[in-house]
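Engineer: Below: sequence and its predicted model.
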Amino acid sequence: MNAIRASFGFLTVLPVAPRSGAGMGSARAFFPVVGLALGGLLAGFDRLAGDTFGPELTGALIVVGLLAMTRMLHIDGLMDSCDALLGGFTRERRLEILKDPRTGAFGAIGGMSVVFLKWAAVVTLAGPVRLPMIVLFPLLGRWSAVAVMESFPYGRNSGMGSSFLTNRGVWQPLIALAVTLAASVLIAGVMGVLLLGIVTVTAWLLGAWMAKLLGGVTGDGYGAVVEITEAAALIAAVALYETWPGLMDGRIGFPG
């Protein structure tokens, strides 16, 4: 229970637990649970407010609402990562930029691009795929952070993200994967499994790129992975449903 409280306390605005500490390693096992809770709140809002506000404003409120509920933690990491990875030419310089609290051009453009892509995808989602995907995309993003934590070393000797790598155990990613896979299958069927595969590969590629440039992945990098894989999940859902609408009810068939 302490690990669950810690995961909600760190990843959301809920004041339920300290947002750092030596025992945070166990909290990562429940990152997908936090994502599922956030997605459920967003889906409930979409169901209640969609007819009142229309698709464009509802989509904007969903994207901004998720930013607010997560105290903009992940988008901050994305913007810092864009500045460092695209603006530095050595490992030392990139790590130095990551410590700079100011946001540069790369960070601003990267943040705006991901937010715009999410909004456009949420607006485009329609029919039976819409509510399941609004529930799933925050879960898939937080699973991606766990996958990167498990696959790559930490990029610094210390930092906010390093607290999640203490008291590590194989049970933590296994629980996160089990929750993510079960929720994906129950909520979106075959499409959920495909999306889980897509975001996992995307997360691994992002992690490998960051590790190559930084020597590992930092806390800002984990945030960037969450934001980018959330956008990737939404975009992939739009493409998959347009191509294979039967995926939602298990009818794989042929595209077209």
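Structural biologist: Received the coordinates, thanks.
Engineer: Show me the helices in the stretch 51-200 of the chain, by range?
Structural biologist: For the stretch 51-200 of the chain, helices defined by DSSP state H, counting those that start in this stretch occupy the ranges 73-87, 91-99, 105-124, 130-151, 171-214.
Engineer: Save the ones you listed as TSV, and put in mean neighbour count and distance to V13 too.
Structural biologist: Every C-beta, even on glycine, is put in place using the N, C-alpha and C of the backbone. Shown next, in TSV, are those (neighbours: other CB atoms under 10 Å; distance: least, CB to CB, whole Å):
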stretch	mean neighbour count	distance to V13
helix 73-87	23	9
helix 91-99	16	24
helix 105-124	18	18
helix 130-151	26	14
helix 171-214	19	22
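Engineer: between those helices, which one is nearest to D46?
Structural biologist: helix 130-151 (5.5 Å; CB to CB).
Engineer: Show the contacting residues for P15.
Structural biologist: G9 (CB atoms under 8 Å, 6 or more residues apart in numbering).
Engineer: Return the distance of it relative to N2.
Structural biologist: Distance of P15 to N2, computed by CB to CB, to the nearest Å: 15 Å.
Engineer: can you redo the helices of the stretch 51-200 of the chain as CSV with mean pLDDT and distance to V33?
Structural biologist: Shown next, in CSV, are the helices of the stretch 51-200 of the chain (pLDDT from 0 to 100; distance: least, CB to CB, whole Å):
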stretch, mean pLDDT, distance to V33
helix 73-87, 96, 16
helix 91-99, 93, 29
helix 105-124, 97, 21
helix 130-151, 96, 8
helix 171-214, 96, 6
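Engineer: Any idea which of those gets closest to A29?
Structural biologist: Per CB to CB, nearest to A29 of those: helix 171-214, 4.0 Å.
Engineer: what's the closest one packed up against?
Structural biologist: helix 31-69, helix 73-87, helix 91-99, helix 130-151, helix 219-243 (3 or more CB pairs under 8 Å, 6 or more residues apart in numbering; DSSP states H and E).
Engineer: Would you reformat these as a markdown table and include distance to M210?
Structural biologist: Below are the helices and strands packed on helix 171-214 laid out as a markdown table (distance: least, CB to CB, whole Å):
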| stretch | distance to M210 |
| --- | --- |
| helix 31-69 | 18 |
| helix 73-87 | 7 |
| helix 91-99 | 9 |
| helix 130-151 | 8 |
| helix 219-243 | 5 |
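Engineer: out of those helices, nearest to V122?
Structural biologist: Closest approach to V122 among the helices and strands packed on helix 171-214 is made by helix 31-69 (4.0 Å; CB to CB).
Engineer: now that closest one: mean pLDDT?
Structural biologist: Averaged over helix 31-69, pLDDT sits at 95.
Engineer: Tell me the gap between that helix and the middle of its chain.
Structural biologist: Centroid separation for helix 31-69 versus its chain: 15 Å, with CA atoms, centre = their mean, to the nearest Å.
Engineer: residue contacts, A49?
Structural biologist: Contacts for A49 were tallied using CB under 8 Å, 6+ apart; they are T58, L61.
Engineer: And for S7?
Structural biologist: Contacts of S7 (CB under 8 Å, 6+ apart): A27, R28, A29, F30, F31, V33, V34.
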